[in-house]
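Student: got a predicted structure plus its sequence, pasted below:
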Amino acid sequence: MRKISILGATGSVGQNTIDLIRRDCDAYDVVALTGGANIAQLAADALALQADVAVTAYEDRLDDLRAALAGTGVEAAAGQVALVEAAARPADWMMSAIVGSAGLAPGLAALQQGTTLALANKESLVCAGALLLDTAKRHNARILPVDSEHSAVFQGLVGEDMEAVERIIITASGGAFRDWPLDKLSSATLEQASSHPNWDMGQRITIDSASMFNKAMEVIETREYFGVSPDQIEVLVHPESMVHAMVGFRDGALMAHLGAPDMRHAIGYALHWPERRDLPVARLDLAKIGQLNFSTPDPARFPALGLAYQTMARGGMMGAAFNGAKERVLDHFIASRIGFLDMATIVEQVLEYFDGQASLIDAAMTLDNVSKIDQLARQQADLAMTKRTG
Ligand code: NDP
């Protein structure tokens, strides 16, 4: 039996992972499941999958988790240290699906035990890509991409020589506001931003899709995963979300990966890699679909993309500043403290601040230094917000 753990088990990616595991329960021995506030879901899944331990990120929810698991034989734990300890428990395969930079420390702990880490938590790669990759290398661990675009690129590169790769194109659905004019975007509401035309995902990534901060993160992820230069990475708006990514080769060939917009494909590919197994995802009927559309994203309506290229051009730990600021402005948008377009304006101001902080940005990439920049970026985002809103 394969020993597996799921970090962020109660979320959208976590639940899709559990759906796949449940279909073949006898093949897996579940070590740890982690979650946050959704104690009922965490306890129910830990019980159903007979996990060794269930961990909530919040210490003040430990009593609730203990009560829900009393007499079941499933251990209960809580807090950041417990999350890292859960990730350090030996497992053959681990899903990293915590949302935000909170996923970085557990992800590093997982890699340090030499596991195969299926990485959905894009924030950790944006914050500290080099640190994750280096940790994986030193501990003989493996990182498999779970973001659908990067899984698609990864699949497109099987058997290929990176020297032959000319460009990588990732697609964007365009999110909830794909066709909205700029003047209307400034008054976009939380409710409008929280509904995605094609994908069913957690609220934060859904809003990030509407602002294209999600695609901006994925551009940086592409660079980290595949080592290509920023000018080799392109984004195309593709409203149907069926072509997830394309790899362009030096002979002019363009290899596209197509599939239904269902995360269980990318999760299942990482779960069964290097094999392909049956997955319960819809099969595309291209004759019925008839037409697929592509266009270039509008930089005026979606400034987040330009900020990603600015972040990569600066290098060092600017990704941690970008991500910390992005997470903070998203908190403020969700709390209705700022407008939709304010998010990109504030992140740009935070990046400008860090442009003058070379000693921080160019310091050694360690978990402590990344956390320091992450915290400072959040403070700077708060300051910029206060200046903006009075
Ligand atoms: P969700 O918000 O649905 O789930 C997030 C998970 O993280 C939940 O288990 C949540 O617990 C837990 N969590 C929240 N805060 C913390 C914290 N501070 N410490 C530890 N755990 C915490 O997110 P998604 O599943 O949508 O996304 C997860 C990750 O995968 C993100 O990085 C996202 O960008 C990426 N991703 C998601 C895709 C999708 O289709 N959803 C596609 C590709 C990538 P609880 O809910 O119990 O509070």
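Tutor: Yep, that arrived.

Student: list the contacts for Met312?
Tutor: Val219, Ile220, Arg223, Pro230, Met318, Gly319 (CB atoms under 8 Å, 6 or more residues apart in numbering). (C-beta placed from N, C-alpha, C; glycine too.)

Student: could you do Thr135 as well?
Tutor: Thr135 neighbours (CB under 8 Å, 6+ apart): Leu108, Leu111, Gln112, Ala141.

Student: point out the residues in the stretch 251-390 of the chain that sit beside the ligand.
Tutor: Counting by CB under 6 Å from any ligand atom, the positions of the stretch 251-390 of the chain adjacent to the ligand are Met263.

Student: let me know the distance separating the residue in the stretch 251-390 of the chain positioned nearest to the ligand from Glu352.
Tutor: Closest to the ligand within the stretch 251-390 of the chain is Met263: 4.4 Å, counting by CB to the nearest ligand atom. Separation of Met263 from Glu352 (CB to CB, to the nearest Å): 35 Å.

Student: now swap in Asp52 and tell me
Tutor: Look at Asp52 and Glu352: by CB to CB, they are 47 Å apart.

Student: of those two, which one has the most company?
Tutor: The neighbour comparison of Asp52 against Glu352 (other CB atoms under 10 Å) goes to Asp52, with 18 against 12.

Student: burial of the nearest residue to that one once chain neighbours are set aside, as a residue count?
Tutor: Of all residues not flanking Asp52 in the chain, Val31 sits nearest, at 5.2 Å (CB to CB, 6 or more residues apart in numbering). Neighbourhood size, Val31 [other CB under 10 Å]: 20.

Student: my reading is that Val31 lies in a helix. Confirm?
Tutor: No - looking at Val31 with DSSP: H, G, I helix; E, B strand; the rest coil, it is strand, so not inside a helix.

Student: what residues are up against Leu83?
Tutor: Residues in contact with Leu83, defined by CB under 8 Å, 6+ apart, are Leu7, Thr34, Val55, Ala57, Ile98, Ala102, Ala105, Pro106.

Student: in strands, which of these appear?
Tutor: Residues of those located in strands (DSSP state E): Leu7, Thr34, Val55.

Student: which of these lies closest to Ser209?
Tutor: Leu7 (22.1 Å; CB to CB).

Student: spatially nearest residue to the residue of the stretch 151-300 of the chain found nearest the ligand (excluding sequence neighbours)?
Tutor: The nearest approach of the stretch 151-300 of the chain to the ligand comes at Gly202, 2.6 Å away (CB to the nearest ligand atom). Sequence neighbours aside, Ser12 is the residue nearest to Gly202 in space, at 4.5 Å (criterion: CB to CB, 6+ apart).

Student: test my guess that that neighbour contacts Trp199.
Tutor: No - between Ser12 and Trp199 there is no contact under CB atoms under 8 Å: 9.1 Å.

Student: number of nearby residues for the residue of the stretch 251-390 of the chain closest to the ligand?
Tutor: Here the count is done by other CB under 10 Å, and Met263 has 24 residues near it.

Student: returning to what we had before: between Ser12 and Trp199, which one's more packed in?
Tutor: Comparing Ser12 with Trp199 by other CB under 10 Å, the one with more neighbours is Ser12, at 20 against 16.

Student: quick one: contacts for that one?
Tutor: Shown in contact with Ser12 (CB under 8 Å, 6+ apart): Asp200, Met201, Gly202, Ile205, Met263.

Student: try Gln375
Tutor: Going by CB under 8 Å, 6+ apart, Gln375 touches Gly324.

Student: please, which helix or strand holds it?
Tutor: Using DSSP states H and E, Gln375 sits within helix 367-389.

Student: ok, now Asp298?
Tutor: Using DSSP H and E, Asp298 sits within no helix or strand.

Student: one more: Glu166?
Tutor: Here Glu166 is assigned to strand 165-172, by DSSP H and E.

Student: that strand: which residues count as buried?
Tutor: By neighbour count on 16 or more other CB atoms under 10 Å, the buried set for strand 165-172 is Val165, Arg167, Ile168, Ile169, Ile170, Thr171, Ala172.
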